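Visitor: I would like to see how this sequence folds:
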Amino acid sequence: MTFAKQLYAAANLQDAQMLMDLLAEAGVPVTLRNENLVGMVAFLPESATQPTIWLEEEKDWERGRAVVAVFEERRRADVDEEITCPVCGEANPINFELCWKCRASLVD
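Guide: All right, here's what the predicted structure looks like:
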């Protein structure tokens, strides 16, 4: 029997992809569902058209939820603040997870 449990319902495809990238970097295998239904928002309930991220392995639940918590916290941050990249020294908005210049992780 295959394990599949919804980890996150994203507001849009961009958020879903950013979170999936962070999960991949953390070694948490996930799949994206509903990515083709986003354009149907006027015809289907909103909950049916949201891109959703699903865990592939039960053992990754806690690690996945921790990545989601950091992602959500950074999304709520005031974007006027900046963080300096520890690799290249470039200034980035505080809610970036990766440096826009060198792609280094900005998440502790």
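
Visitor: from here on, just use CA atoms for contacts and neighbour counts.
Guide: OK.

Visitor: quick check: phi and psi on G89?
Guide: Note on G89: its backbone torsions stand at phi 80, psi 10 [degrees, to the nearest 10].

Visitor: please apply the same query to S105.
Guide: Note on S105: its backbone torsions stand at phi -70, psi 140 [degrees, to the nearest 10].

Visitor: quick one, what contacts the closest residue to it other than its chain neighbours?
Guide: Closest residue in space to S105, ignoring its immediate chain neighbours: L98 at 4.6 Å, by C-alpha to C-alpha, 6 or more residues apart in numbering. By C-alpha atoms under 8 Å, 6 or more residues apart in numbering, the residues touching L98 are 104-107.

Visitor: could you redo the last one with a cut-off of 10 Å?
Guide: L98 is in contact with 18, 21-22, 85, 92, 104-107, counting by C-alpha atoms under 10 Å, 6 or more residues apart in numbering.

Visitor: need those residues in CSV (columns: secondary structure).
Guide: Below are those laid out as CSV (DSSP: H, G, I helix; E, B strand; the rest coil):
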residue, secondary structure
M18, helix
D21, helix
L22, helix
C85, coil
N92, strand
A104, coil
S105, strand
L106, coil
V107, coil
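
Visitor: which one in the residues you listed is the model shakiest on?
Guide: Ranked by pLDDT, the contacts of L98 bottom out at V107, which scores 83.
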